[in-house]
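Participant: Provide a 3D model corresponding to the input given below.
(chains A, B, C and D)
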Protein chains: 2
Amino acid sequence: MSSTGARVLPGSARDERPNVGVLLRGPFQEVVRRVSAGLAEAGFDDLRPAHTAVFQHIEADGSRLTDLADRAQITKQSMGYLVDYLEQHGYVERRPDASDRRATRICLTERGWGQVRAALGIIAALEQEWTDALGQPRIEQLRELLADVGGLTASEQS
Amino acid sequence: MSSTGARVLPGSARDERPNVGVLLRGPFQEVVRRVSAGLAEAGFDDLRPAHTAVFQHIEADGSRLTDLADRAQITKQSMGYLVDYLEQHGYVERRPDASDRRATRICLTERGWGQVRAALGIIAALEQEWTDALGQPRIEQLRELLADVGGLTASEQS
DNA sequence: ACATTTAGTCAGTCTTCCTGACGGTCAGAG
DNA sequence: CTCTGACCGTCAGGAAGACTGACTAAATGT
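Facilitator: Next comes the predicted model:
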């Protein structure tokens, strides 16, 4: 995900102490790299980083385009573009929404579900690697701290 | 295979436990958002996220285009594009390299240094916010854990 | 001296986002 | 029942930022 670029966080090498931005970036981008590589290896080689925005936010019984766009923080047009691609490649399908004829529900196909399972498996494997290296308690601590920090800003958002 | 959890529902909300990828993404993107917003407010409103790649890797006495491209993991053409823009907007300047007439050194101007200081200040302020909310020891712990996890993969890279 | 490598640019393309405008649909008010 | 405004999704056009391939000029190694 080349678009993960933080805006102008300077100085990984110059500072006495790397700042939190730099510290967070390393592990985060490692996750991105591993998922991307692992999916390609598992046969899902027609997916690009941007498509994670869809898989990450779609609900089990299907979601509306507008909802997906909101959650992924992109415009509905951009989301439409991503969904078009995924539909052509058999990962999702559009179904009419029974309760609202304006809307369509974006649903995962069997192939789409396979991709989700694969991605979660890859992340679980990576977490296991980290656990093997640092020990279960420290990873547990890391999870907790990240959740706490994430919670600070999640509540601020509208 | 990935029947580990059998859970495999997509979406951050549906899993019993968010995976590490999701946990890392929140705080990381918060840093990105804050730096971006803060720089714009500080008058550096002609910068885009991609320019991070330059400021992050440039050395105090200037760097070569090729070196910057290598460190940022993009092609030298793409880096050239970014440097052109920053040069036009007064953040960097190209100087001939005394020891190699093929090369030019990309150096930060005074404005470029100002941007670097501003970005570091914004990150420091955010870290202080987190410290106020969670307490110094926990943030210290977080730094340490992130550094450890980052160290795992930094050594793997060729 | 000549072949190879290296620094940087030029040209063209592709992906992924954006804004603006539009047609179909829903829902509440008169 | 119809009007009006809000909402769902698509179409059209454009820009940013990355890519590949081909090139010039300079340095380096044999």
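Participant: the strands in chain A, which residues?
Facilitator: Along chain A, counting by DSSP state E, strands occupy A:63-64, A:92-96, A:104-108.
Participant: so which of these is nearest B:Arg138?
Facilitator: With Cβ to Cβ as the measure, strand A:63-64 is the member of these nearest B:Arg138 (35.3 Å). For glycine as for every other residue, the C-beta is placed from the backbone atoms N, C-alpha and C.
Participant: may I have the strands that pair with that closest one, each with its orientation?
Facilitator: strand A:104-108 (antiparallel) (DSSP bridges).
Participant: give the buried residues for the partner strand.
Facilitator: Neighbour counts over strand A:104-108 (16 or more other Cβ atoms under 10 Å in any protein chain shown) mark A:104-108 as buried.
Participant: C-alpha coordinates for it, PDB please?
Facilitator: Only the C-alpha atoms of strand A:104-108 are listed here, as PDB (Å, rounded to 0.1, in the frame of the first residue of the first chain):
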ATOM      1  CA  THR A 104     -27.900  -2.500  -4.100                       C
ATOM      2  CA  ARG A 105     -26.300  -4.700  -1.600                       C
ATOM      3  CA  ILE A 106     -22.700  -5.600  -2.200                       C
ATOM      4  CA  CYS A 107     -22.200  -9.200  -1.200                       C
ATOM      5  CA  LEU A 108     -19.100 -11.400  -1.000                       C
END
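Participant: per-residue pLDDT, A:Thr153?
Facilitator: Note for A:Thr153: predicted pLDDT of 79.
Participant: what's near enough to touch it?
Facilitator: B:26-27, B:30 (Cβ atoms under 8 Å, 6 or more residues apart in numbering or on different chains).
Participant: the same query, at a cut-off of 6 Å, please.
Facilitator: By Cβ atoms under 6 Å, 6 or more residues apart in numbering or on different chains, the residues touching A:Thr153 are B:Glu30.
Participant: ok, it to DNA strand D distance?
Facilitator: 24 Å (Cβ to the nearest atom of the strand, to the nearest Å).
Participant: kindly report the same for A:Thr66.
Facilitator: Relative to DNA strand D, and taking Cβ to the nearest atom of the strand, A:Thr66 is found at 4 Å.
Participant: what residues does chain A have near chain B?
Facilitator: A:5-10, A:19-21, A:23-24, A:26-28, A:30-31, A:55, A:57-60, A:116-117, A:120-121, A:123, A:127, A:130, A:133-134, A:142, A:145-150, A:152-153 (Cβ under 6 Å from any Cβ of the partner chain).
Participant: derive a ChimeraX selection command for the buried subset of those residues.
Facilitator: To isolate the buried ones among the residues of chain A next to chain B in ChimeraX, judged by 16+ other Cβ under 10 Å, type:
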select /A:5,6,7,8,9,10,19,20,21,23,24,26,27,28,30,31,55,57,58,59,116,117,120,121,123,127,130,134,142,145,146,147,148,149,150,152,153
